[in-house]
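>>> here is a sequence with its predicted model. Questions after.
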Amino acid sequence: MSVVGNGAKPRPEALSETVRDPVAAEQAAADFLRALGVPLDREGLAGTPRRMARAYAELLTPRAFDLTTFANEDGYDELVLVRDIPLSSICEHHFLPFFGRAHVGYLPGDRILGLSKVARLVEAQARGPQVQERLTKQIAEWLDTKLRPRGVGVIIEAEHMCMTLRGVRALGARTVTSALLGTLRTDTRSRAEFLELVHSDSGTR
Ligand code: ZN
């Protein structure tokens, strides 16, 4: 067993472990709401700027975890797929949530990954202002770098509040993104198997 990295290592643009200035965040939230004409003197709204600042701080703070890998002692060489991993993140263009699920698969090389770590990896990468396309790629590249598998496939299906609650109000519309690396990109059969397993009886199609 070995630990090959810290999955929560923040990207340069991610916020630090704790919100940088909670007082300023709360003040700014109050100013923001007031500017929008929200009556903060009403009882139910009095604590809203504080709750808003805390909620966003939590949504943007990655939780630390270790990406534990194991030697692939039995030489398992078939696809490992973790399907329907719940996912939520913040769209960096509108600062509204998007949520859905991720399907993450890889063709093992010399190392395999603790299965729960796949979900933790998705969660860690989803913290912070994101766009779905980059999130998909980041998860795939992280696995590729840390695990050196023969292939990696990541598919994310998500509903974006900025698209369903405002603008076109396309309620229920889902955005699907994929990132395929290695054999899952180059080998037609492996790719087909991956896609088939992702979609088989998941009720998403
Ligand atoms: Zn958006």
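Arrived safely.
>>> okay, the lengthiest helix in the chain in CSV with CA atoms only?
Longest helix of the chain, by residue count under DSSP state H: helix 132-147. Output of helix 132-147 as CSV, limited to C-alpha atoms (Å, rounded to 0.1, in the frame of the first residue of the first chain):
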residue,chain,number,x,y,z
GLN,A,132,-17.8,21.0,-16.3
GLU,A,133,-15.4,20.4,-19.2
ARG,A,134,-12.3,21.2,-17.1
LEU,A,135,-13.6,19.2,-14.2
THR,A,136,-14.0,16.1,-16.4
LYS,A,137,-10.5,16.5,-17.8
GLN,A,138,-8.9,17.1,-14.4
ILE,A,139,-10.3,13.9,-13.0
ALA,A,140,-9.1,11.9,-15.9
GLU,A,141,-5.6,13.5,-15.9
TRP,A,142,-5.3,13.1,-12.2
LEU,A,143,-5.9,9.3,-12.4
ASP,A,144,-3.6,9.1,-15.4
THR,A,145,-0.8,10.8,-13.6
LYS,A,146,-1.1,9.1,-10.2
LEU,A,147,-2.1,5.6,-11.3
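>>> is any residue of it near the ion?
No: with C-beta under 5 Å from the ion as the criterion, the ion is not reached by helix 132-147; the gap is at least 9.3 Å. Where C-beta positions appear, they are placed from N, C-alpha and C, glycine not excepted.
>>> what about that helix, average pLDDT?
Computed over helix 132-147, the mean pLDDT rounds to 95.
>>> repeat that for stretch 57-68.
pLDDT averaged over stretch 57-68 gives 82.
>>> when you give positions from now on, start the count at 50
I'll keep to 50 as the first residue from here, and by that count the last item is stretch 106-117.
>>> pull it out as CSV, backbone CA atoms only.
Listed next in CSV are the C-alpha coordinates belonging to stretch 106-117 (Å, rounded to 0.1, in the frame of the first residue of the first chain):
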residue,chain,number,x,y,z
ALA,A,106,-16.9,29.1,1.8
GLU,A,107,-17.9,25.5,2.4
LEU,A,108,-18.7,24.9,-1.3
LEU,A,109,-15.3,26.2,-2.3
THR,A,110,-13.1,24.5,0.3
PRO,A,111,-11.6,21.2,-0.8
ARG,A,112,-11.4,18.5,1.8
ALA,A,113,-8.0,16.8,2.2
PHE,A,114,-7.6,13.1,1.4
ASP,A,115,-5.0,10.7,0.5
LEU,A,116,-5.2,8.8,-2.8
THR,A,117,-4.3,5.3,-1.6
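>>> buried stuff in stretch 112-121?
Neighbour-count burial for stretch 112-121 flags 114, 116-118, 121 (criterion: 16 or more other C-beta atoms under 10 Å).
>>> also stretch 164-183?
For stretch 164-183, a neighbour-count test (16+ other C-beta under 10 Å) marks 166-179, 181 as buried.
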